[in-house]
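> structure of the sequence below:
(one chain, ligands or ions: 1)
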Amino acid sequence: MERLPGFRDFYPEPLPHNDVWSADARQYIFDKWRTIAKRYGFREYDGPPLEPLELFTTKSGEEIVGQLFDFVDKGKRHIALRPEMTPTLARMVAAHERNYKKPIKWFAIPQLFRYEKQQKGRLREHFQFNADLIGETDPAADAELIALLIDTLRAFGLTAEDFVIRLSSRNAWQEFFESGKRKAESGNNAEDAYAFFQIIDKLERTAPEESEKKLAALGFTLAGVNAFIESGKPTAELQSILDNLAARGLKDFVKIDYQVIRGLAYYTGVVFEAFDRKGEFRAIAGGGRYNNLVKLISGGKVDLPALGFGMGDVVLAELLKARGLLPKFDSQMDVFVLIEDETLRPISLKLVHDLRAAGFAVEYPITPAKSDKQFKRAQELKVAYTARLENDAYVRIRNFKTRDEIVTGLAGAANHLG
Ligand code: HAM
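Here you go, the predicted model:
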């Protein structure tokens with residue numbers, strides 16, 4: 001039986017071949033995400049992987065709705081596997097925001113599902129680090145979040161030479177759109193604005209003639225759009241974010257780039273994406289302000305400004321691998337208890353159990369085995385120590401690296417390890 005296209009098997013290292021993913025590397029990535037989020041004062045939350053379909057059709061935008069894994073369940077509810085976390089977060093916050101001091105700073109590591117065409121950096125399932133800040137309109141909040149994004153990538157050993165945050169603003173584009181609209185007098189509306197944003201979002205990946213044609217239908221020219229992008233003049237809001245980041249010493253990690261506008265429909269202001277500098281990979285992360293989503297999802301009951309980002313594990317792992325920044329992982333066992341004399345097995349089991357209770361990772365031969373086999377196994381596991389009972393009272397502990405040995409009473413064995 002084959003697995004579904006676009007889904008992954010995660011194996012412990014060493015990996016059997018290149019077509020599987022490393023469960024160890026995944027854990028390494030999750031650990032770093034958690035560590036840095038906590039350092040910035042973000043608390044972890046989670047929600048259900050299945051949600052009512054309407055949660056996503058309300059305001060995520062056509063692109064993501066077209067990629068939903070959706071079906072009717074046995075209770076005749078139309079439901080979908082979550083393609084992103086933000087609508088769930090908006091629902092959760094709206095339900096219980098009074099319990100939490102503002103700004104709310106939360107993170108999650110959900111597995112997400114999108115029926116996309118499988119390609120480099122795009123699968124049908126991925127894990128996404130989400131960090132969101134709710135209840136603050138000041139651009140200082142945007143800067144705080146972008147600083148978290150930068151420091152998260154730095155935690156993996158990536159530098160300003162490896163990646164850059166391309167910072168933009170839908171407000172700036174909205175102004176451009178409005179002024180163009182007046183000139184063209186083409187009777188544009190919110191739908192046209194969204195269609196316009198979609199064209200900008202795909203500019204880099206679309207043939208110029210095609211973009212030109214689509215823009216013309218809305219009363220714009222590609223030359224006009226390109227001139228605006230090239231001007232790259234920060235709005236007052238973007239400038240204050242740049243200043244805030246510069247004060248932290250993070251200036252080299254950001255640049256204004258109006259080419260970024262983001263595909264999702266709910267963004268309202270500042271938007272940004274993280275890219276590798278060489279331009280070899282798809283976006284590592286993306287996010288921005290969505291000041292209307294909580295209100296929309298709560299049916300107008302709760303109105304809170306918000307912003308956040310999502311960072312996928314797929315592109316990140318590809319980038320880390322390409323830059324040689326993914327460590328190799330081994331079993332991380334501390335001790336191998338050798339059982340060469342089967343009459344000592346019961347007391348050896350007690351030692352295994354006591355060492356595990358003391359917090360050590362301990363392995364041993366689960367059935368009788370030849371000495372050399374046991375030794376080989378200890379070597380493969382790259383343990384720090386072996387322990388072997390001399391008799392029913394004493395144990396010989398050997399440091400596998402230095403080869404130093406000591407013999408100690410059973411009760412004190414743990415004191416001689418690590
Ligand atoms: P997004 O741009 O759709 O934003 O996804 C964020 C990141 O998730 C992307 O930059 C990419 O690294 C990864 N990603 C997305 N789709 C796939 C896929 N099919 N395969 C592999 N990786 C993928 C959002 O989802 C927003 N909800 C983020 C956000 C949070 N905005 C505010 N708060």
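> roughly how far apart are residue 168 and the ligand?
Relative to the ligand, residue 168 is positioned 13 Å away (CB to the nearest ligand atom, to the nearest Å). C-beta coordinates here come from the backbone N, C-alpha and C atoms, glycine included.
> residues in contact with stretch 237-254?
Residues from elsewhere that reach stretch 237-254, judged by CB atoms under 8 Å, 6 or more residues apart in numbering: 139-140, 142-144, 146-147, 150, 160, 163-169, 171-172, 234, 256, 269-270.
> buried residues in stretch 38-49?
Buried positions in stretch 38-49, judged by neighbour count with 16 or more other CB atoms under 10 Å: 40, 42, 45, 47.
> now swap in stretch 153-161 and tell me
In stretch 153-161, counting by 16+ other CB under 10 Å, buried: 153, 154, 156, 158.
> other residues contacting that stretch?
Residues from elsewhere that reach stretch 153-161 (CB under 8 Å, 6+ apart): 29, 32, 35-36, 162-163, 252-253, 274, 277, 284-285, 316, 319-320, 323, 325.
> tell me the SS of whichever residue of the stretch 101-250 of the chain sits closest to the ligand?
Taking CB to the nearest ligand atom as the measure, the stretch 101-250 of the chain has residue 126 as its residue closest to the ligand, at 3.7 Å. Judged by DSSP: H, G, I helix; E, B strand; the rest coil, the three-state class of residue 126 is strand.
> hmm, which two among the buried residues of stretch 153-161 are most spread apart?
154 and 156 (7.3 Å; CB to CB).
> looks like the residue of the stretch 101-250 of the chain closest to the ligand contacts residue 313 (just checking).
Yes: the criterion here is CB atoms under 8 Å, and residue 126 meets it with residue 313 at 5.9 Å.
> tell me the residues on the stretch 101-250 of the chain that lie near the ligand, please.
Proximity of the stretch 101-250 of the chain to the ligand, by CB under 6 Å from any ligand atom, involves residues 114, 116, 122, 123, 126, 128, 130, 132.
> tell me the domain ranges of the protein?
As assigned by automatic domain parsing, the chain contains the domains 10-322, 335-416.
> just put the ones you listed in JSON lines and tack on mean pLDDT and distance to residue 1.
Listed next are these as JSON lines, based on pLDDT from 0 to 100; distance: least, CB to CB, whole Å:
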{"stretch": "domain 10-322", "mean pLDDT": "93", "distance to residue 1": "15"}
{"stretch": "domain 335-416", "mean pLDDT": "95", "distance to residue 1": "29"}
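> mind putting those into CSV with distance to residue 329?
Below are the domains of the chain laid out as CSV (distance: least, CB to CB, whole Å):
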stretch, distance to residue 329
domain 10-322, 4
domain 335-416, 10
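> and these, which is most packed in?
For the domains of the chain, the largest average neighbour count (mean count of other CB atoms under 10 Å) is found in domain 10-322, namely a mean of 17.
> what's the first-to-last distance across that one?
In domain 10-322, first residue to last residue: 19 Å (CA to CA, to the nearest Å).
> circling back to that earlier point, among the contacts of stretch 237-254, which ones are in strands?
If you go by DSSP state E, these have 163, 164, 165, 166, 167, 168, 169, 256, 270 in strands.
> kindly state the beta-bridge partners for the fifth one.
In this structure, residue 167 has the following beta-bridge partners (DSSP bridges): residue 256, residue 272.
> correct me, but it touches residue 143?
No: Residue 167 lies out of contact with residue 143 (CB under 8 Å); the separation is 10.1 Å.
> residues touching the nearest residue to residue 203 once chain neighbours are set aside, list them.
When the adjacent residues along the chain are set aside, residue 203 lies closest to residue 211, with 5.7 Å between them (CB to CB, 6 or more residues apart in numbering). Contact partners of residue 211, counting by CB under 8 Å, 6+ apart, are 199, 202, 203, 222, 225.
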